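S.K.: Build me a model from this:
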Amino acid sequence: MNPGELQAPDIEWAALSPSLIVFGAAIIGVLIEAFAPRRSRYAAEVVLAVAGLAGAFAAVVALAADGRATSEAQIAGMGSLAVDGPALFLQGVIVLVGLVSVFLFAERRLEPAAHGRAVDSFTAQPAAVPGGKAEQEAERAGHVTTEIFPLLLFAVGGMLLFPMANDLLVLFIALEILSLPLYLLCAMARRKRLLSQEAALKYFLLGAFASAFLLFGVAMLYGYAGTVSYAGIADVVGGEPAALDAGLASTMGNDALLLIGGAMVTMGLLFKVGAVPFHMWTPDVYQGAPTPVTGFMAAATKVAAFGALLRLLYVVLPGLRWDWEPVLWGVAIASMVAGAVVAITQTDVKRLLAYSSIAHAGFILSGVVAVSEDGVSSVLFYLAAYSFVTLGAFAVVTLVRDAGGEATHLSKWAGLGRRSPLLATVFALFLLAFAGIPLTSGFAGKFAVFRAAADAGAMGLVIVGVLASAVAAFFYVRVIVLMFFSEPKPDGPSVVIPSPLTMSVVALAAAVTLVLGVAPQFFLDLASDAGVFVR
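M.R.: Prediction:
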């Protein structure tokens, strides 16, 4: 190359096609919001979101069929992105969760019609003062907040980048891309507007702190290794001499920077997975956010964040295993115990599911601690199983309603099994899956992570996990008893008949829960084949 001549970067566009398709659809969605007539935006945005996510899933399948998950795994994007088994497996799960979530976002039969027009779960004017004149005028005019679909696509795009990030700066950028749309979506509930805005503010403030911790950790790791590349940092941690940067001569190789930086980046990721003690945001945000957003966030964010955490620990910091493994033991035990015990005291079904998700973060960390290919594959399978159970559970919550909207107080679910036996049975199936009862996906997932942990010598963690599962089973069964063996209240809630959109979500989630529980071997093998990171 001649001096002063610029060379075009060599980027493997095909390997990055799932993310590019989703981001392209999101940008087109923004253009629709800017230029399309208001009356045609809803249909256009729904079709675009479904088409974009379906195309992204097809791209993931094509890459996997091309061997990118196994023998043809590669580092793409000038070394900043990894296209390998874990990345493609988790991308497939995230895209499917996003696709199913579009149906929940698009549901327009649950809320009473406003001025003769069907409405969804999102406020007509998010920027207006709750209950103010501007909001009332927007409702009378029949406005619909169709911006939720581009926001969903941007969040999914960030989540697709998160588990494949092979560079600390890309990791941070992906974190912000997935987080910022979620902060906005949490504030858009049609009912309980103040609670929704409070949830969004808490999520934003605590999320900003977590992002700051992660960014400080990135700076420290750069000071230690002189690079933000995962491979470069791993080489320095492994003892290989790094190319000396004169500006970093006084810091490179400083183990204090390595330990503190690694801890801070890990803290930022543990915040996203909702593990103790970084879980404080979870109950309030799950309760206040629109339930379709809660379901999407609870499923997809956990999948993406655990993917990023696995790559950080297994690719960048395996040389520090004896430093971070005891810490993750403590975090896993605290998450399992705190999530299971505190859930017993909850009287709101969304808060109960929030603490349940905290306990499940601990269960998944049991597989992470295994530090083996079996550990990776067990975590991948657990995340796939958990995501669909979670989506199905929150989809059911949207259907139980009274005059004030969703009836989330547990006392209102008394006798639901007599009022709507089919819906109560499906919700009981999801609760049994959360509890890890045999013949459900939850049992197969827990068995996989506990077996991986036991094979790695973490029997103490397995024992705590089994005991925490027994405690958690108590409050799951309590809800089932409440639904089927309690008298329904005369003024109790009703079950709204949804459109085929929500029906399909509940049916798909129930089918996946049963299939992964009754015949999990094919999917366990799929996760096993995808359980190797490219380095």
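S.K.: And whichever strand or helix holds residue 204, what's buried?
M.R.: For residue 204, the element it lies in under DSSP states H and E is helix 193-225. For helix 193-225, a neighbour-count test (16 or more other Cβ atoms under 10 Å) marks 193, 196-204, 206-207, 210-211, 213-218, 220-225 as buried. C-beta here means a position set from N, CA and C on the backbone, and glycine is covered the same way.
S.K.: which is the next helix or strand following that helix?
M.R.: Defined by DSSP H and E, the subsequent element after helix 193-225 is helix 230-237.
S.K.: any idea which helix or strand comes after that next one?
M.R.: Secondary structure here is assigned by DSSP H and E; on that basis, the next helix or strand after helix 230-237 toward the C-terminus is helix 255-273.
S.K.: quick one, the helix or strand just after that following helix and helix 193-225 angle?
M.R.: With elements assigned by DSSP H and E, the helix or strand that comes after helix 255-273 is helix 281-288. Interaxial angle, helix 281-288 versus helix 193-225 (axes from the mean of the first three to the mean of the last three Cα atoms, to 10 degrees): 150 degrees.
S.K.: Now tell me what touches helix 281-288 from outside.
M.R.: 186, 189, 192, 195-200, 202-203, 206-207, 271, 274, 294, 297-298, 346, 348, 350-351, 353-355, 357-358, 408 (Cβ atoms under 8 Å, 6 or more residues apart in numbering).
S.K.: Show the model's pLDDT score for the residue nearest the centre of the chain.
M.R.: Nearest residue to the geometric centre of the chain (Cα atoms, centre = their mean): residue 301, 1.9 Å. In the prediction, the pLDDT value recorded for residue 301 is 95.
S.K.: From residue 341, how far off is residue 311?
M.R.: 31 Å (Cβ to Cβ, to the nearest Å).
S.K.: who has more neighbours, those two?
M.R.: Taking residue 311 and residue 341 together and counting by other Cβ atoms under 10 Å, residue 311 has the greater number of neighbours (26 against 15).
S.K.: what sits against the closest residue to residue 508 other than its chain neighbours?
M.R.: If you skip the residues right next to it in sequence, residue 508 has residue 100 as its closest partner in space, 6.5 Å away by Cβ to Cβ, 6 or more residues apart in numbering. Contacts of residue 100 were listed using Cβ under 8 Å, 6+ apart, and they are 388, 391, 505, 508-509.
S.K.: From those, list the buried ones, please.
M.R.: The neighbour-count test (16+ other Cβ under 10 Å) marks 388, 391, 505, 508-509 as buried among those.
S.K.: tell me the contacts of residue 92?
M.R.: With Cβ under 8 Å, 6+ apart as the criterion, the residues that contact residue 92 are 57, 60-61, 64.
S.K.: show me the residues around the residue nearest to the centre of the chain that make contact.
M.R.: 159, 178, 182, 272.
S.K.: Mark which of those are part of helices, please.
M.R.: Among the contacts of residue 301, the subset assigned to helices under DSSP state H consists of 159, 178, 182, 272.
S.K.: For the residues you listed, I'd like a selection string for PyMOL - just the buried members, please.
M.R.: For selection in PyMOL, the members of these meeting the burial criterion (16+ other Cβ under 10 Å) are listed in this command:
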select buried, resi 159+178+182+272
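S.K.: Which parts of this protein are strands?
M.R.: 74-76, 81-83, 400-402, 405-406, 494-495 (DSSP state E).
S.K.: ok, and which of the ones you listed has the densest surroundings?
M.R.: Each of those was given a mean neighbour count from mean count of other Cβ atoms under 10 Å, and the largest, a mean of 25, is that of strand 81-83.
S.K.: Determine the set of other helices and strands touching the lowest-mean-pLDDT helix or strand in the chain.
M.R.: In the chain, no helix or strand scores lower on mean pLDDT, DSSP states H and E than helix 133-140, which sits at a mean of 71. In terms of contacts (3 or more Cβ pairs under 8 Å, 6 or more residues apart in numbering; DSSP states H and E), helix 133-140 is not packed against any helix or strand.
S.K.: That one vs helix 193-225, what angle?
M.R.: With the same axes, to 10 degrees as the basis, helix 133-140 and helix 193-225 are set at 100 degrees to each other.
S.K.: Give the buried residues for stretch 481-494.
M.R.: 482-484, 488, 492-493.
S.K.: wait, I meant stretch 341-356
M.R.: By neighbour count, with 16+ other Cβ under 10 Å as the criterion, the buried positions of stretch 341-356 are 342-343, 346, 349-356.
S.K.: Just the ones of those residues in helices?
M.R.: When DSSP H defines the helices, the subset of the buried residues of stretch 341-356 inside them is 342-343, 349-356.
S.K.: which one of the residues you listed sits closest to residue 370?
M.R.: Lowest distance from residue 370 to those (Cβ to Cβ) belongs to residue 356, with 22.6 Å.
S.K.: residue contacts, that closest one?
M.R.: For residue 356, the residues meeting the contact criterion (Cβ under 8 Å, 6+ apart) are 339, 343, 434, 472, 476.
S.K.: Can you tell me how far the closest residue to the second one other than its chain neighbours is from residue 436?
M.R.: This points to residue 343. The shortest distance from residue 343 to any residue other than its chain neighbours is 3.8 Å, reached at residue 355 (Cβ to Cβ, 6+ apart). Relative to residue 436, residue 355 is positioned 16 Å away (criterion: Cβ to Cβ).
S.K.: same deal with residue 123?
M.R.: According to Cβ to Cβ, residue 123 stands 37 Å off from residue 436.
S.K.: What is the distance between stretch 150-158 and the centre of its chain?
M.R.: Relative to the centre of its chain, stretch 150-158 is centred 12 Å away, using Cα atoms, centre = their mean, to the nearest Å.
S.K.: what about dumping the CA coordinates of that stretch to PDB?
M.R.: Once non-C-alpha atoms are left out, stretch 150-158 reads as follows in PDB (Å, rounded to 0.1, in the frame of the first residue of the first chain):
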ATOM      1  CA  PRO A 150     -38.700   0.200  15.300                       C
ATOM      2  CA  LEU A 151     -37.700   0.400  19.000                       C
ATOM      3  CA  LEU A 152     -38.200  -3.300  19.300                       C
ATOM      4  CA  LEU A 153     -36.100  -3.900  16.200                       C
ATOM      5  CA  PHE A 154     -33.200  -1.700  17.400                       C
ATOM      6  CA  ALA A 155     -33.300  -3.600  20.800                       C
ATOM      7  CA  VAL A 156     -33.200  -6.900  19.000                       C
ATOM      8  CA  GLY A 157     -30.300  -5.700  16.800                       C
ATOM      9  CA  GLY A 158     -28.300  -4.700  19.900                       C
END
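S.K.: neighbouring contacts of that stretch?
M.R.: Contact with stretch 150-158 is made by 19, 22-23, 25-27, 29-30, 32-33, 45, 49, 52-53, 56, 94-95, 98, 101-102, 105, 174-182, 184-185, 296, 300, 304, as judged by Cβ under 8 Å, 6+ apart.
S.K.: before we move on, the earlier item: please tabulate the strands of the chain in CSV, including the columns mean pLDDT and distance to residue 167.
M.R.: Compiled in CSV, these are given as follows (pLDDT from 0 to 100; distance: least, Cβ to Cβ, whole Å):
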stretch, mean pLDDT, distance to residue 167
strand 74-76, 84, 10
strand 81-83, 89, 8
strand 400-402, 86, 45
strand 405-406, 78, 41
strand 494-495, 82, 48
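S.K.: Would you mind saying which of these lies nearest residue 366?
M.R.: With Cβ to Cβ as the criterion, residue 366 lies closest to strand 81-83 of the strands of the chain, at 24.3 Å.
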